[in-house]
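Q: The following block contains a protein sequence and its predicted model.
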Amino acid sequence: MDELTNNRIALNTKDACAYLGINRNLLDSFRRCGLIKAIKTGRFYIYPVSELKAFVENNTGKEITKDGIVFDCY
C-alpha cells in the first residue's frame, strides 16, 4: 500500500477502502458514526491518510460492528 499513499495526504473513497481492506459500505458506516473522519468535497469524501493510520492503530485488537460499536477483544 505504500505506493497508494506515497506522497499523498488524503485518499478518495475507493483508495481508502483499498488501504483499509474494507468495502465502501463499511467505510461509510464508520464515517457516519464518527470512527473515521473525512472531508466532504462537493459530493465526494476524502480521507486523510493520517486519520486512516490512526484508526488502524487505535482499533487494533478490537472488534467493530458496522454500527460503530467497539468491543475490546483483549
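A: On my side now, so go ahead. Numbering: from 1, shown residues only.
Q: What lies in contact with the strand or helix carrying residue 57?
A: Assessed by DSSP states H and E, residue 57 sits inside helix 49-59. Applying Cβ atoms under 8 Å, 6 or more residues apart in numbering, the external contacts of helix 49-59 come out as 5, 8-11, 16, 19-20, 30, 35-38, 70. In short, each C-beta sits where N, CA and C put it, glycine included.
Q: and these, which of them are in helices?
A: Those of those mapping onto helices are 5, 16, 19-20, 30, per DSSP state H.
Q: Kindly reformat the residues you listed as TSV containing pLDDT and neighbour count.
A: Formatted as TSV, these follow (pLDDT from 0 to 100; neighbours: other Cβ atoms under 10 Å):
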residue	pLDDT	neighbour count
5	68	15
16	97	25
19	95	18
20	96	18
30	93	21
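Q: Output those in a markdown table; the columns should cover distance to residue 66.
A: Shown next, in a markdown table, are the ones in helices among the contacts of helix 49-59 (distance: Cβ to Cβ, whole Å):
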| residue | distance to residue 66 |
| --- | --- |
| 5 | 25 |
| 16 | 16 |
| 19 | 18 |
| 20 | 14 |
| 30 | 8 |
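Q: from the residues you listed, which two are the most distant?
A: Spanning the widest gap among the ones in helices among the contacts of helix 49-59 are 5 and 30, at 18.2 Å by Cβ to Cβ.
Q: Just the C-alphas of the helix holding residue 57, formatted as CSV.
A: Provided in CSV are the C-alpha atoms of helix 49-59 (Å, rounded to 0.1, in the frame of the first residue of the first chain):
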residue,chain,number,x,y,z
VAL,A,49,-4.0,9.2,5.4
SER,A,50,-3.1,10.2,9.0
GLU,A,51,-6.8,9.6,10.0
LEU,A,52,-6.8,6.1,8.4
LYS,A,53,-3.5,5.2,10.1
ALA,A,54,-4.7,6.4,13.5
PHE,A,55,-8.0,4.4,13.0
VAL,A,56,-5.9,1.2,12.5
GLU,A,57,-3.6,1.9,15.4
ASN,A,58,-6.3,2.9,17.8
ASN,A,59,-8.5,-0.1,17.0
